[in-house]
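Colleague: Fold the following for me, if possible:
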Amino acid sequence: MPLRRLIVISSSVLGVAALIPAGALAAANCTDRPLRGRVTTTTVTLIGGPLESTSDSSGELSPLGAVTIHGHSTSTVTGPNTVTDAGTGTLVAANGGKLFLTSTGSATFTGAGVGSTDQGTDVATITGGTGRLAGVSGTLTFTAGSVVIAVTGSSITNSGSSTIEGHISYKGFGTGFHKGFNVGFDRGYDRGFQLGFQAGFRAASLSRSMLSPPISASQCHRKGYHAGFNKGFNPGFNKGFDTGFNRGFRARLKT
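Modeller: Have a look, this model is predicted:
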């Protein structure tokens with residue numbers, strides 16, 4: 001990297017750091033948003049072997065909007081009326097982004113036939129995401145209740161609902177700023193040099209006798225170069241800088 005460019009970058013970064021408190025910068029690099037909502041769920045559990053369940057849920061989860069969740073879990077009987085479970089799931093948000101979950105929990109149930117109920121709590125950890133939810137982390141706590149609506153020789157079907165509370169952390173300012181700043185800076189810098197050299201060579205090729213007052217070829221070249229460089233670099237730099245800030249502060253979770 002040319003020394004001149006390194007000095008410009010260092011000065012810009014120091015200027016930004018001076019304007020924004022260190023605590024604010026640290027918080028901005030990882031933004032927490034609360035999650036709250038409710039879903040209804042249908043769960044089918046296989047019996048006669050390992051207690052494996054599949055579940056499908058739908059509902060609202062602020063600020064993600066309408067969501068669906070598909071999950072798979074395995075339960076272990078720990079007492080006459082208690083089980084523990086562990087599983088995985090995929091949550092699809094209104095904007096099409098996905099969250100991948102792993103969960104553990106426990107439940108207490110009454111009875112074993114149609115009409116029997118259970119109450120339980122599961123804590124899900126976000127392990128990754130896609131789309132506008134890529135790179136996020138966080139946890140969700142499901143407080144659930146359900147009732148058995150059907151029993152066959154091989155499965156039990158439950159219908160119920162869960163309240164969800166938790167938080168999600170995502171990269172906002174840091175990711176957007178650095179990406180926008182670096183891309184815009186590079187484009188502006190490169191564009192500035194391109195225009196600068198072109199203008200400089202064009203100016204140097206002019207007949208000095210046409211200029212008033214006459215100037216040397218080197219002076220002509222420098223004047224053309226600086227004019228072209230400033231014309232190309234400044235707009236590109238400013239655009240990149242603005243883009244970086246706008247991308248950083250704009251919520252990636254906006255639905």
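
Colleague: and this protein, what are its domains?
Modeller: Per the record, the chain has its domains at 3-28+173-249, 31-170, by automatic domain parsing.

Colleague: Pick out the shakiest of the ones you listed, pLDDT-wise.
Modeller: Sorting those by mean pLDDT places domain 3-28+173-249 lowest, at a mean of 56.

Colleague: Give the buried residues for stretch 69-82.
Modeller: Buried residues in stretch 69-82, counted by 16 or more other CB atoms under 10 Å: 69, 71, 73, 75. (Each C-beta comes from the backbone N, C-alpha and C, glycine too.)

Colleague: wait, isn't the first one in contact with residue 39?
Modeller: In this case it means residue 69. Yes: counting by CB atoms under 8 Å, residue 69 touches residue 39, with 6.5 Å between them.

Colleague: For the two, list the residues in contact with both.
Modeller: 57, 58 (CB atoms under 8 Å, 6 or more residues apart in numbering).

Colleague: So for the helix or strand harbouring residue 121, what gets flagged as buried?
Modeller: According to DSSP states H and E, residue 121 maps onto strand 117-129. By neighbour count on 16+ other CB under 10 Å, the buried set for strand 117-129 is 118, 120, 122, 124, 126, 129.

Colleague: Okay, residue 90 and residue 77: tell me how far apart.
Modeller: Distance, residue 90 to residue 77, using CB to CB, to the nearest Å: 27 Å.

Colleague: any idea which element the spatially closest residue to residue 157 that is not a sequence neighbour lies in?
Modeller: In space, and not counting its chain neighbours, residue 157 is closest to residue 150: 4.1 Å by CB to CB, 6 or more residues apart in numbering. Counting by DSSP H and E, the element that carries residue 150 is strand 137-151.

Colleague: Name the strands paired with that strand and say parallel or antiparallel.
Modeller: Strand 137-151 pairs in its sheet with strand 117-129 (antiparallel), strand 155-170 (antiparallel), by DSSP bridges.

Colleague: Including distance to residue 94, could those go into JSON lines?
Modeller: Formatted as JSON lines, these follow (distance: least, CB to CB, whole Å):
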{"stretch": "strand 117-129", "distance to residue 94": "14"}
{"stretch": "strand 155-170", "distance to residue 94": "14"}
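
Colleague: and residue 85, which of those strands is closest to it?
Modeller: strand 117-129 (7.1 Å; CB to CB).

Colleague: what residues does that closest one touch?
Modeller: With CB under 8 Å, 6+ apart as the criterion, strand 117-129 contacts 85, 89, 97-111, 134-148, 158, 160, 166, 168.

Colleague: Put the alpha carbons of it into PDB.
Modeller: The C-alpha atoms that make up strand 117-129 are tabulated as PDB, following Å, rounded to 0.1, in the frame of the first residue of the first chain:
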ATOM      1  CA  THR A 117     -51.200 -32.800  28.900                       C
ATOM      2  CA  ASP A 118     -47.600 -31.800  29.300                       C
ATOM      3  CA  GLN A 119     -45.700 -28.700  30.300                       C
ATOM      4  CA  GLY A 120     -42.100 -28.000  29.500                       C
ATOM      5  CA  THR A 121     -39.300 -25.600  28.800                       C
ATOM      6  CA  ASP A 122     -36.600 -25.700  26.100                       C
ATOM      7  CA  VAL A 123     -33.700 -23.500  25.500                       C
ATOM      8  CA  ALA A 124     -32.500 -23.200  21.900                       C
ATOM      9  CA  THR A 125     -29.100 -21.800  20.900                       C
ATOM     10  CA  ILE A 126     -28.800 -20.200  17.500                       C
ATOM     11  CA  THR A 127     -25.800 -21.800  15.700                       C
ATOM     12  CA  GLY A 128     -26.000 -20.000  12.400                       C
ATOM     13  CA  GLY A 129     -28.200 -18.500   9.700                       C
END
